[in-house]
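Asker: sequence isn't available, so here's the structure alone:
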């Protein structure tokens, strides 16, 4: 099992396993609250900020503040000042599954050389334009294609991806219903 | 209805209504495919790119290429080189609902002065850490709080947000199940 000792994908699995043990005895610390604040700029253009979150029993801060411009493209008579909101969901899903692949690979002693995920979400605009109420507003499906170069068999690589899906927060959010409550002040 | 003439939220509603009429007669043009490509960097850090999409019967390109770093925070023994994937989903939801508020306000002749959406998604880490299989990996719920300053009554402002929810692609993706198929090359 020499590969198990040598694999280095930059994931500190020992620290994660330690954290898991610690959290087992401190359920309150496992309650996280993730946040984003969105400010409307003009038209369909907005700027969102991600800065603080709650977890491990207290307020936490990212190293830096992350900001995101979102907009609609010019073919929708918008300015295209940022990615569309649905593309951001694809980025969230892609990056969640990819981080999972790296973490699982590390835990299994598999050295990754490269991982690329290509995502495509189909959408029929008849939904958001209100042309046909039987057409949903969101994606009618998302396809994810992974290309992975690693020190492992094809089957072991497929198993990495399967385990990542099983533990992915965003995969769960997208594939299962999540309750959203909206209030206006 | 003077306000209907004067309101300018930067949304070209006339062009959108025209597009809707045109698409009614060209269903194939309404089929869009949104894309993102994610490249693993190291550990849980990845970089995603949003560039082209398919729609109106052909390949389209954004004005510029949008890139997104995603990572896990330092409290997860990661480098915090970007927002977490779940925070990106919050940004997608926030920006989708906010763009919708602007578009609906324009259509209803309501002048917006400011719109801020603050989102919070609760997550119990017992899910993604595999401590308790009855705890889901994703958010157990998302709260959205809108603060809107506009030339309209409180009820009309609430109605804007309700209509935005009704037509929001990301709201639909998050609140309803979306099929995701994953393959490994």
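Answerer: On my side now, so go ahead. Computed from a predicted model, the values in this text were never measured in an experiment.
Asker: drop to CA atoms for contacts and neighbour counts, all remaining ones
Answerer: OK.
Asker: centre-most residue in chain A?
Answerer: Taking C-alpha atoms, centre = their mean, the centroid of chain A lies closest to residue A:92, which sits 3.0 Å from it.
Asker: quick check: that one touching residue A:171?
Answerer: No. Judged on C-alpha atoms under 8 Å, residue A:92 makes no contact with residue A:171 at a distance of 9.0 Å.
Asker: residue contacts, the residue nearest to the centre of chain A?
Answerer: Contacts for residue A:92 (C-alpha atoms under 8 Å, 6 or more residues apart in numbering or on different chains) come out as A:170, B:84-89.
Asker: before we move on, what about residue A:20?
Answerer: B:129, B:131.
Asker: distance of it from residue A:88?
Answerer: According to C-alpha to C-alpha, to the nearest Å, residue A:20 stands 29 Å off from residue A:88.
Asker: next structured bit after the lowest-mean-pLDDT helix or strand in chain A?
Answerer: When the helices and strands of chain A are compared on mean pLDDT, DSSP states H and E, helix A:2-6 comes out lowest with a mean of 54. Counting by DSSP states H and E, the next helix or strand C-terminal to helix A:2-6 is helix A:13-24.
Asker: show me how far that following helix is from its chain's centre.
Answerer: Distance of helix A:13-24 from the chain centroid (C-alpha atoms, centre = their mean, to the nearest Å) equals 21 Å.
Asker: the helix or strand just after it - contacts with which helices or strands?
Answerer: Sequence order places strand A:31-42 as the next helix or strand after helix A:13-24, per DSSP H and E. Judged by 3 or more C-alpha pairs under 8 Å, 6 or more residues apart in numbering or on different chains; DSSP states H and E, the packing partners of strand A:31-42 are strand A:45-55, helix B:85-107, strand B:112-124.
Asker: run through who's touching strand A:31-42.
Answerer: The contact list for strand A:31-42 (C-alpha under 8 Å, 6+ apart) reads A:46-57, B:9-11, B:86-87, B:90-91, B:94-95, B:98-99, B:102, B:114-125.
Asker: next, the angle from that strand to helix A:13-24.
Answerer: Orientation of strand A:31-42 against helix A:13-24 (axes from the mean of the first three to the mean of the last three C-alpha atoms, to 10 degrees) gives an angle of 110 degrees.
Asker: low-confidence ranges in chain A?
Answerer: A:1-5 (pLDDT under 70).
Asker: re earlier: same list (the contacts of residue A:92) but as CSV, adding neighbour count.
Answerer: Listed next are the contacts of residue A:92 as CSV, based on neighbours: other C-alpha atoms under 10 Å in any protein chain shown:
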residue, neighbour count
A:170, 28
B:84, 23
B:85, 27
B:86, 29
B:87, 26
B:88, 29
B:89, 27
